[in-house]
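No letters, just coordinates:
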């Protein structure tokens, strides 16, 4: 009974967009977007420091700008950059938050030379749901855990993961069938879950996997809840319940993973050892699995959705990519073959630029510091946004255009600055699974190109919901046709 109610709720959620994405009259939407609030200083700089204050505004009473980014996404980030420059503050999600935009400002937090920026920002937002995941750890502890975890992402391990992904992706893609109007995002989400349960846990999807999927979704969305208390039926309460389900799920299976060293990621984490012989305890494995499953599943879904959308909008690029895939023959490609799909590589990089799967990376200052001459006091939440960087006209030619050639060797616009392109973050916390995720997306799109053509109407423009991570509001309806 409970499972059936969950299925009904899921069906409703797929059809009904969140309140932040509900359509409004254009004039009303424009007034909300362009509304300017009184400008104030975040905090006075220390006397004699020569530093400038961080300027910004608190936004609407009580809620501040909490809903603005969820509704407007990159447009809101670019608007703030236009108003206040690369360092600004806003009241959001119940606290004042400084936003760093542009390559120079973001590098201050990501390079973090003086270790003033901690992962405390993430802990405040998502620790209840992704407790002690790798992204939430700091400094030496983080490096220690990363050294152990790296053993699960070696070239040899990646080769094995690709070999496991291939049959699951081919079977899943071929089962879709041609449809005039299929909501592609939800097909991709289920398929990336199938890959996660196969590669991460060596299991097939089913009713139990559906509950795990729901738990991941609830946990992710809870992080941006405006009401941050476990009100029955609320997003926060759903996230807490999701976390408990995930803990039970992995705890029930850890004994088997410890007993035999398998090819899946769960087993890899159970048996991983650093060069010094350090290994993870059971709680570490469970915490890291919950975090990695979320990170890999959601970001792969978002990226594959964005790539599929742009290939639908640009059929010339779809045909170019398809020609390379068909030239490979019928065999499921291994890691070396995937790395030769150059067109898909260019398109994936451009999709990651236009739709960064993690649109904000959160930090907290552990001491007073400065960014580009601005005083940022200790204890400040800081959002590092790749969105401004990815649309900077100083670093990209016609930045709002879809132009994969900008990543080709004869142009390499991503080399204009170390942080001009940063979909995987940067510095010590750069995504440890970036190669895994890229290979998964490339293999998934390769199978789609072999099996189907797909398109959207010429006047269709996808709208992304930024309540947590970017999701197409309408599920990305496409016309899917078997070749």
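Thanks, I have it. Model, not experiment: these values are computed from the prediction.

The strand or helix carrying residue 350 - contacts with which helices or strands?
Assigning secondary structure by DSSP states H and E places residue 350 in helix 342-354. With contacts taken as 3 or more CB pairs under 8 Å, 6 or more residues apart in numbering; DSSP states H and E, helix 342-354 sits against helix 282-313, helix 315-326, helix 434-451. To be clear about C-beta, it is placed using only N, CA and C from the backbone, and glycine gets the same treatment.

hey, least reliable of those helices by pLDDT?
Ranked by mean pLDDT, these end with helix 282-313 at the bottom, a mean of 92.

in that one, what counts as buried?
Going by neighbour count (16 or more other CB atoms under 10 Å), the buried part of helix 282-313 is 284-313.

Tell me where the stretch 351-483 of the chain has strands.
Taking DSSP state E, counting those that start in this stretch as the test, the strands found in the stretch 351-483 of the chain are 361-365, 369-371, 374-376, 381-385, 452-455, 464-465, 471-472, 477-482.

got these as a markdown table, with mean neighbour count, distance to residue 171 and mean pLDDT columns?
Conversion of the strands of the stretch 351-483 of the chain to a markdown table gives the following (neighbours: other CB atoms under 10 Å; distance: least, CB to CB, whole Å; pLDDT from 0 to 100):
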| stretch | mean neighbour count | distance to residue 171 | mean pLDDT |
| --- | --- | --- | --- |
| strand 361-365 | 22 | 35 | 95 |
| strand 369-371 | 21 | 49 | 97 |
| strand 374-376 | 24 | 51 | 98 |
| strand 381-385 | 25 | 38 | 94 |
| strand 452-455 | 19 | 15 | 96 |
| strand 464-465 | 19 | 29 | 92 |
| strand 471-472 | 24 | 24 | 94 |
| strand 477-482 | 17 | 15 | 95 |
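
Residue 228 is nearest to which of those?
strand 381-385 (13.6 Å; CB to CB).

which neighbours does that closest one have in its sheet, and in what orientation?
Strand 381-385 sits in its sheet next to strand 95-101 (parallel), strand 361-365 (antiparallel), going by DSSP bridges.

Just send these back as TSV, with distance to residue 404 too.
Below are the strands paired with strand 381-385 laid out as TSV (distance: least, CB to CB, whole Å):
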stretch	distance to residue 404
strand 95-101	24
strand 361-365	25
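
secondary structure element for the residue nearest to residue 193 when sequence neighbours are not counted?
Residue nearest to residue 193 in three dimensions, not counting chain neighbours: residue 213, with 5.0 Å by CB to CB, 6 or more residues apart in numbering. Residue 213 belongs to helix 207-222 when elements are defined using DSSP H and E.

now that helix against helix 282-313, angle please.
With axes from the mean of the first three to the mean of the last three CA atoms, to 10 degrees defining the directions, helix 207-222 sits at 80 degrees from helix 282-313.

Tell me the spacing between residue 287 and residue 213.
19 Å (CB to CB, to the nearest Å).

Looks like residue 157 contacts residue 269 (just checking).
No: between residue 157 and residue 269 there is no contact under CB atoms under 8 Å: 10.7 Å.

rewinding a little: what distance separates the helix holding residue 213 from the centre of its chain?
16 Å (CA atoms, centre = their mean, to the nearest Å).

Just list what it packs against, helices and strands only.
Counting by 3+ CB pairs under 8 Å, 6+ apart, helix 207-222 packs on helix 2-15, helix 184-195, helix 235-259, helix 282-313.

Using CSV, lay out the strands of the stretch 351-483 of the chain together with distance to residue 72.
Shown next, in CSV, are these (distance: least, CB to CB, whole Å):
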stretch, distance to residue 72
strand 361-365, 19
strand 369-371, 24
strand 374-376, 24
strand 381-385, 13
strand 452-455, 28
strand 464-465, 10
strand 471-472, 15
strand 477-482, 22
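
Can you check which of those strands gets nearest to residue 336?
strand 452-455 (25.1 Å).

in its sheet, what does that closest one sit against?
By DSSP bridges, strand 452-455 pairs with strand 477-482 (antiparallel).

Tell me what angle the partner strand forms with helix 434-451.
Going by the same axes, to 10 degrees, strand 477-482 makes 60 degrees with helix 434-451.

neighbouring contacts of strand 477-482?
Residues outside strand 477-482 that contact it (CB atoms under 8 Å, 6 or more residues apart in numbering) are 176-184, 308, 312, 451-456.

which other residues reach the helix holding residue 213?
3, 6-7, 10, 126, 128-130, 189-190, 193-194, 197, 203, 235-236, 238-243, 245-246, 249, 290, 293-294, 297-298, 467-469.

Next, the angle from it to helix 184-195.
120 degrees.

which parts of helix 207-222 are buried?
By 16+ other CB under 10 Å, the buried positions in helix 207-222 come out as 209-222.

now do stretch 148-163
148-149, 151-153, 157-158, 160-162.

How about stretch 456-466?
456, 462, 464-466.

Equivalent analysis for stretch 120-131, please.
Here stretch 120-131 shows 120-126, 128-131 as buried, counting by 16+ other CB under 10 Å.
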